[in-house]
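[1] any chance you can model this:
(chains A and B)
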Amino acid sequence: MTNNHFLLEIESVYKAFGGVEALSDISFLLKSGSITGLIGPNGAGKTTLFNLISGIFPSDNGNIIFNGTSIKNKKVHKLVERGIARTFQNVELFESMTVLENILVGQHTRTRCGIWGSITRLPWVSREEQEAHQRAMELLDFVGLHEHADKTSSDLPFGWQRLLELARAMAAQPKLLLLDEPAAGLNITETMQLGELIKKIREQGVTVLLVEHDMSLTMEISDWIVVLDQGKKIAEGTPRNIQDDEAVLKAYLGTTKKKVKGER
Amino acid sequence: MSTNTARNRISYIIFILLVTFAGYYINNSYYLQVLTFIGINTLLALGLNMLMGYAGQISLGHAAFYGIGAYGTAILTVHYHLPPWLALPGAIVAAMLVAYIVGIPTLKLSGYYLGMGTLGFGMIVNIIFREWSSVTGGASGFIGIPPLELGSISFSSTKNYFYLVWGFVLISIIICRRIIDSRVGRALRSIHDGEKASAAVGVNTSRLKLQVFVLSAGFSALAGFLYAHLVLFISPGTFNFIASIRMVTMVVIGGMASIWGALLGASLLTLLPEWLHAFSEFEMVVYGLILMTVMIFLPRGLTRGILDIVERAGKKHDQ
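    Just a heads-up that it's a prediction; the model follows:
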């Protein structure tokens, strides 16, 4: 059943690693076209949940429904094809390739030339290649890296590498974009630019799920916040509600007195 | 992109000119034969380079596919009386089929384990060549392989065979170049750079690795076919473990992920033993020393190493 309202439905998901429960009974919904922030202290299970959604490993129990169909036990590349793209906590670029080539690989699921196509170079292959180039340049323009298209990606400064990885994920034309700590290692200006970009991405109709330690960024751009602590969901709500939630304050600060606002 | 295509075209033209000049001016049949062997080895290195240099997967058993190409055409032409040009697709398809079946379980491995797996495979195939005497002629070898001819052109002439082999090399280089410059090639290189990220952009990494493994087996089988119809006699020793290692060495010495590197590596590894005959019993020692020196001073292979030296010299000149 297609549900127009929710793009992603997490239904009582469990995951354990060798007896240690990393996630236990996690359920929440992602509204189509929203930005949802997934927060929680270290070891709360955020990255584990990301890996489950993007198909890196399967959940032990429960169900994950994307765009109306279950995506349990689907391979990573199949999920990209369906519209789930992601970035990594420690930027995983193709370092020997140019900036442009990184974006071109990002379009892998949206292009179809195979070995025969590449050898014969029929007209449709050249056309596809040209269109891919054009889209790649548009994406580089979007993140502001179009002047550096021919540089080797590992030569870019770290902040730009993050932007490139974001553009590469967008090249897959995703419906759902998973961002794993996109602001880690960025300075304040870069973080603000990133926030603007993520908002623009949402305007294009892409649903965003964001793991982020930078609270001011998360609180500012998210429509909805889900809080994990030690593998359990302890709260969800609008950023305003979450900042006053006692369970959240306790998990973060061990006290209920202070506010989390502005924490870094 | 268009500058790339232009540069490729120029290098193909230079290649054709060089081959034509070599064929025109060299009449010494020993030199021609050595050049022909360089061509055959280039085909081996090209195929393996696609797997090792671009996809980043090692194979220590590729001589098996070289052997399947050679024995395949020998069996088809001698036992089944097929014309060689019909045996060619047969031998290539056979090698690719074996690669496909072996590749499915083997390519799940990575690093050292993939090396060990392919090594074992290569040895098994070599034992089959040696022990299945009724079909392969066993340890004493397979005799009576017919020479190639095409209409009125006979390839028993050294010069014609030289042109034939280098024609195949040119076609293979163009095929490899086109694959590398395409969506498939980029996906391949992405596996080399990071398999996790490659999957995360939607590359079916296990399928692509298998495809390249099969493709490289095809190039090796083509080389095997050309070898068999050149020397007209094959024995298991040519396709043993050492042969696999030699193929890997060609790719590494020439420079991984470089098509012209495959050519350079194949040339060096073919010429060295010829030059080193003078050292008689010390031949292998000198051979080893040269390879070690290249790897120590040009760890990224000859092509990259020479380019680095040229670029550095250029910079000094500018200052």
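
[2] show me what counts as buried in the helix or strand residue A:165 falls within.
    In this assignment (DSSP states H and E), residue A:165 forms part of helix A:158-171. By neighbour count with 16 or more other Cβ atoms under 10 Å in any protein chain shown, helix A:158-171 contains the buried residues A:159-171. In short, each C-beta sits where N, CA and C put it, glycine included.

[3] before we move on, what about stretch B:29-47?
    Neighbour count says stretch B:29-47 has B:32, B:34-47 buried, by 16+ other Cβ under 10 Å.

[4] and what of stretch B:255-263?
    For stretch B:255-263, burial by neighbour count (16+ other Cβ under 10 Å) applies to B:255-259, B:261-263.

[5] the buried residues of helix A:158-171 into JSON lines, with extra columns for pLDDT?
    Below are the buried residues of helix A:158-171 laid out as JSON lines (pLDDT from 0 to 100):
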{"residue": "A:159", "pLDDT": "91"}
{"residue": "A:160", "pLDDT": "92"}
{"residue": "A:161", "pLDDT": "94"}
{"residue": "A:162", "pLDDT": "93"}
{"residue": "A:163", "pLDDT": "93"}
{"residue": "A:164", "pLDDT": "94"}
{"residue": "A:165", "pLDDT": "94"}
{"residue": "A:166", "pLDDT": "94"}
{"residue": "A:167", "pLDDT": "94"}
{"residue": "A:168", "pLDDT": "94"}
{"residue": "A:169", "pLDDT": "94"}
{"residue": "A:170", "pLDDT": "95"}
{"residue": "A:171", "pLDDT": "94"}
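
[6] chain B: which of those residues is nearest?
    The nearest member of the buried residues of helix A:158-171 to chain B, counting by Cβ to the nearest Cβ, is residue A:168 at 6.5 Å.

[7] which residue packs closest to that closest one, ignoring adjacent ones?
    In space, and not counting its chain neighbours, residue A:168 is closest to residue A:106: 3.8 Å by Cβ to Cβ, 6 or more residues apart in numbering or on different chains.

[8] that neighbour: how many residues sit nearby?
    The tally of other residues near residue A:106 (other Cβ atoms under 10 Å in any protein chain shown) stands at 31.

[9] packing partners for the strand or helix carrying residue B:213?
    Element membership for residue B:213 (DSSP H and E) is helix B:205-231. Judged by 3 or more Cβ pairs under 8 Å, 6 or more residues apart in numbering or on different chains; DSSP states H and E, the packing partners of helix B:205-231 are helix B:29-49, helix B:63-74, helix B:84-106, helix B:158-180, helix B:183-193, helix B:195-200.

[10] single out the most deeply packed of these.
    Highest mean neighbour count among those (mean count of other Cβ atoms under 10 Å in any protein chain shown): helix B:63-74, with a mean of 30.

[11] okay, the angle between that helix and helix B:84-106?
    Here helix B:63-74 runs at an angle of 150 degrees relative to helix B:84-106 (axes from the mean of the first three to the mean of the last three Cα atoms, to 10 degrees).

[12] contact residues of chain B facing chain A?
    Neighbours of chain A within chain B, by Cβ under 8 Å from any Cβ of the partner chain: B:1, B:175, B:178-179, B:181-187, B:189-190, B:192-194, B:196-205, B:211, B:215.

[13] report the rounded mean pLDDT for the helix holding residue B:213.
    Averaging pLDDT along helix B:205-231 yields 95.

[14] pLDDT weak spots in the chain?
    No chain specified, so I'll use chain A. Where chain A drops to pLDDT under 70, the residues are A:1-4, A:253-264.

[15] my bad, chain B
    B:1-3, B:318-319.

[16] name the residue closest to the centre of it, please.
    Residue closest to the mean C-alpha point of chain B, counted by Cα atoms, centre = their mean, is residue B:44 at 0.9 Å.

[17] how about chain A?
    residue A:178 (1.4 Å).

[18] so what secondary structure elements neighbour whichever strand or helix holds that one?
    Element membership of residue A:178, judged by DSSP H and E, is strand A:176-180. Contacts defined by 3+ Cβ pairs under 8 Å, 6+ apart place strand A:176-180 against helix A:46-53, strand A:84-86, helix A:158-171, strand A:207-211.

[19] apply 6 Å and report the result again.
    strand A:84-86, strand A:207-211 (3 or more Cβ pairs under 6 Å, 6 or more residues apart in numbering or on different chains; DSSP states H and E).

[20] need the ones you listed in CSV (columns: mean neighbour count and distance to residue A:141).
    CSV is the format used below for the helices and strands packed on strand A:176-180 (neighbours: other Cβ atoms under 10 Å in any protein chain shown; distance: least, Cβ to Cβ, whole Å):
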stretch, mean neighbour count, distance to residue A:141
strand A:84-86, 27, 19
strand A:207-211, 24, 20
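
[21] just so I know, which of those strands lies nearest chain B?
    Nearest of the helices and strands packed on strand A:176-180 to chain B, taken as Cβ to the nearest Cβ: strand A:84-86 at 5.7 Å.

[22] how far away from the center of its chain is stretch B:102-118?
    Computed by Cα atoms, centre = their mean, to the nearest Å, the chain-centroid distance of stretch B:102-118 equals 19 Å.

[23] make CSV out of the helices and strands packed on helix B:205-231 and add distance to residue A:45.
    Formatted as CSV, the helices and strands packed on helix B:205-231 follow (distance: least, Cβ to Cβ, whole Å):
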stretch, distance to residue A:45
helix B:29-49, 43
helix B:63-74, 47
helix B:84-106, 34
helix B:158-180, 41
helix B:183-193, 29
helix B:195-200, 19
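
[24] so how far is residue A:114 from the residue of chain A most remote from its centre?
    Distance from the C-alpha centroid of chain A, by Cα atoms, centre = their mean, peaks at residue A:120 (36.5 Å). For residue A:120, the distance to residue A:114 equals 10 Å [Cβ to Cβ, to the nearest Å].

[25] for the residue in the stretch 51-200 of chain B that chain A sits nearest to, what are its contacts?
    Closest to chain A within the stretch 51-200 of chain B is residue B:182: 3.3 Å, counting by Cβ to the nearest Cβ. Contacts for residue B:182 (Cβ atoms under 6 Å, 6 or more residues apart in numbering or on different chains) come out as A:113, A:118.

[26] contact residues of chain A facing chain B?
    Proximity of chain A to chain B, by Cβ under 6 Å from any Cβ of the partner chain, involves residues A:76-77, A:80-81, A:86, A:92, A:94-96, A:101, A:104-106, A:108-109, A:111, A:113, A:115, A:118-119, A:172.
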